[in-house]
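Novice: Take a look and give me a structure for this.
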Amino acid sequence: MKSQAGTLVPQVTFDAVLEGVDKKIADYIASGKAKGDKGDPGEISGTIGGRNGLAQDVTGKTVSVTVANASGYLFDVTPKNNGTEVELDFSDAKLKELTPDTYKLEINVTNADGDIEVRSSNLMMLC
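Specialist: Numbering: from 1, shown residues only. Next comes the predicted model:
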């Protein structure tokens, strides 16, 4: 992922979906846990969709999640890769530092040939 004047420029973009992630993010943020509350920090998971809308198996592939806001790219985090699902753990130090704002997530999948597939969340999440 490269940044040009605060704009995310994906190397490869597909019209794909992250099934269930949007609602889970919204529910998780509404719970207050995203603000670094003590106790179980919780996780967010969702199915990685391919071009045809079916779940894509990303076992053995490098997966990262890009977090951005209106100013552009903020950072990447490495999710837990469960094959057709990835999980974000909000006990991650970078995610704990997020302040109230609007954020967008992109799932980046690096294939064996080095091509990077980028899948954007439909949700602009508020923390």
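
Novice: Poorly predicted segments of the chain, please.
Specialist: Flagging of the chain using pLDDT under 70 yields the residue ranges 1-55, 122-127.

Novice: show me where it has helices.
Specialist: Taking DSSP state H as the criterion, the chain carries its helices at 21-30, 93-96.

Novice: Run through the residues that contact Leu95.
Specialist: Neighbour list for Leu95: 34, 67, 77, 88-89 [criterion: Cβ atoms under 8 Å, 6 or more residues apart in numbering]. C-beta coordinates here come from the backbone N, C-alpha and C atoms, glycine included.

Novice: Which of these sits closest to Thr110?
Specialist: Val77 (14.7 Å; Cβ to Cβ).

Novice: Surely that closest one is in contact with Glu87?
Specialist: No. Using Cβ atoms under 8 Å, Val77 is not in contact with Glu87; the gap is 10.9 Å.

Novice: on that earlier part again, turn the contacts of Leu95 into CSV, columns for distance to Thr59 and neighbour count.
Specialist: Listed next are those as CSV, based on distance: Cβ to Cβ, whole Å; neighbours: other Cβ atoms under 10 Å:
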residue, distance to Thr59, neighbour count
Ala34, 28, 22
Val67, 24, 18
Val77, 19, 17
Leu88, 18, 24
Asp89, 19, 15
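
Novice: In strands only, show me those.
Specialist: 67, 77, 88-89 (DSSP state E).

Novice: Count the residues that sit near the nearest residue to Phe75 once chain neighbours are set aside.
Specialist: Once flanking residues are discounted, Phe75 sits nearest to Lys94: 5.2 Å by Cβ to Cβ, 6 or more residues apart in numbering. By other Cβ atoms under 10 Å, the residues close to Lys94 number 11.

Novice: What ranges does this structure have for its strands?
Specialist: Using DSSP E, the strands assigned to the chain run over residues 2-4, 7-9, 18-19, 43-48, 62-69, 72-77, 80-81, 85-89, 102-110, 116-126.

Novice: Pull up the distance across stretch 96-114, start to finish.
Specialist: By Cα to Cα, to the nearest Å, the extent of stretch 96-114 from end to end equals 30 Å.
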